[in-house]
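>>> turn this into a model:
(one chain, ligands or ions: 1)
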Amino acid sequence: MSFSTHLRKLAQPVWDAQLTHPFVLALGKGTLSERKFRYYILQDARFLADLARVFAAGSLRAPDAESALRFAKLAEETITVERSLHENYGKRWKLSPQEMLNEPMSPTNYAYTRHMLAVAQSGTATEIAVVALPCAWIYCVVGKHLLKNGPPPAKHPYRDWLMLYASPEFEAVQEWMRARVDTWARTAGHEEKKRMEQAFLISSKYEWMFWEMAWNEEKWPV
Ligand SMILES: Cc1ncc(CN)c(N)n1
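As a prediction, the model looks like this:
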């Protein structure tokens, strides 16, 4: 069994729970309130800025030039492709890109991005690929699951979001990350593998918590 399949098996109950989360179900049906979606997009814009930094750290730590280049490209695409989706939604709400980035991070978003940045700071390239793998892989699984009966109608309010995450281009991102993890993990030691299992499981849990945060429009308590 490949190491990425092993990781997914470890986290399977957490992954299954993503597909039945009320935020995800309502997003797919198009019944999610615009207020909750707007909350999510504003938090996600902040999230993506840090995710791009995690990919940039992957580029720095990559063991070969091809992987360094691909990580750098992922950092760029996270900003150009995903963030432009967010900015288009921002335009609907008359928010400039800067105003979107001025939104304070909610507790769960803050904790999730600190978890990833901590691995980016001190982890190997494999650990960095692993900590960010649930971001790419879960969104691909969710996007495909929500569009399993075909593309959404033109009037679906969240069509662009669904089409991006169910796209072959987005699927290719997780495929590349998994391939890197599977190859690099072959030479990883026992301790590094344990750290990777932990990092993958925690990122998977935070992915679920991110939906929950948006569903509840989480705020700092004080
Ligand atoms: C929280 C979260 N996780 C993953 C993705 C997909 N890159 C995202 N946009 N936001």
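>>> residues near Arg92, how many?
For Arg92, the neighbour count with other CB atoms under 10 Å is 11. In this view, the C-beta of every residue, glycine as well, is placed from N, C-alpha and C.
>>> with the one 5 residues further on instead?
For Pro97, the neighbour count with other CB under 10 Å is 14.
>>> burial count for the closest residue to it other than its chain neighbours?
Of all residues not flanking Pro97 in the chain, Glu87 sits nearest, at 5.3 Å (CB to CB, 6 or more residues apart in numbering). Burial of Glu87 is recorded as 15 neighbouring residues (other CB under 10 Å).
>>> what's the mean pLDDT across the helix or strand where Glu87 lies?
Per DSSP states H and E: Glu87 is located in helix 83-92. Helix 83-92 shows an average pLDDT of 89 in the prediction.
>>> what of stretch 191-207?
97.
>>> next, the buried residues of that stretch.
192-193, 195-197, 199-200, 202-207 (16 or more other CB atoms under 10 Å).
>>> out of these, which are close to the ligand?
Contacts with the ligand within the buried residues of stretch 191-207, as defined by CB under 6 Å from any ligand atom: Glu207.
>>> so which of the buried residues of stretch 191-207 would you say is closest to Leu164?
Here the nearest of the buried residues of stretch 191-207 to Leu164, counting by CB to CB, is Glu207; it sits at 16.5 Å.
>>> okay, and the residue minimising distance to the centre of the chain sits in which element?
Geometric centre of the chain, nearest residue: Cys135, 2.6 Å, by CA atoms, centre = their mean. Assigned by DSSP H and E, Cys135 belongs to helix 125-146.
>>> output that helix in CSV with nothing but the alpha carbons.
Extracted C-alpha coordinates of helix 125-146, given in CSV (Å, rounded to 0.1, in the frame of the first residue of the first chain):
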residue,chain,number,x,y,z
ALA,A,125,9.9,18.6,2.0
THR,A,126,8.0,15.3,2.5
GLU,A,127,6.4,16.6,5.8
ILE,A,128,5.5,19.8,4.0
ALA,A,129,3.8,17.9,1.2
VAL,A,130,2.0,15.8,3.7
VAL,A,131,0.7,18.6,5.9
ALA,A,132,-0.8,20.4,2.8
LEU,A,133,-2.0,17.2,1.2
PRO,A,134,-5.5,17.1,2.8
CYS,A,135,-6.1,20.7,1.5
ALA,A,136,-5.7,19.6,-2.1
TRP,A,137,-7.1,16.0,-1.7
ILE,A,138,-10.2,16.7,0.4
TYR,A,139,-11.3,19.6,-1.8
CYS,A,140,-10.9,17.4,-4.8
VAL,A,141,-13.0,14.6,-3.2
VAL,A,142,-15.6,17.1,-2.0
GLY,A,143,-15.8,18.8,-5.4
LYS,A,144,-16.2,15.5,-7.3
HIS,A,145,-18.7,14.2,-4.7
LEU,A,146,-20.9,17.3,-5.0
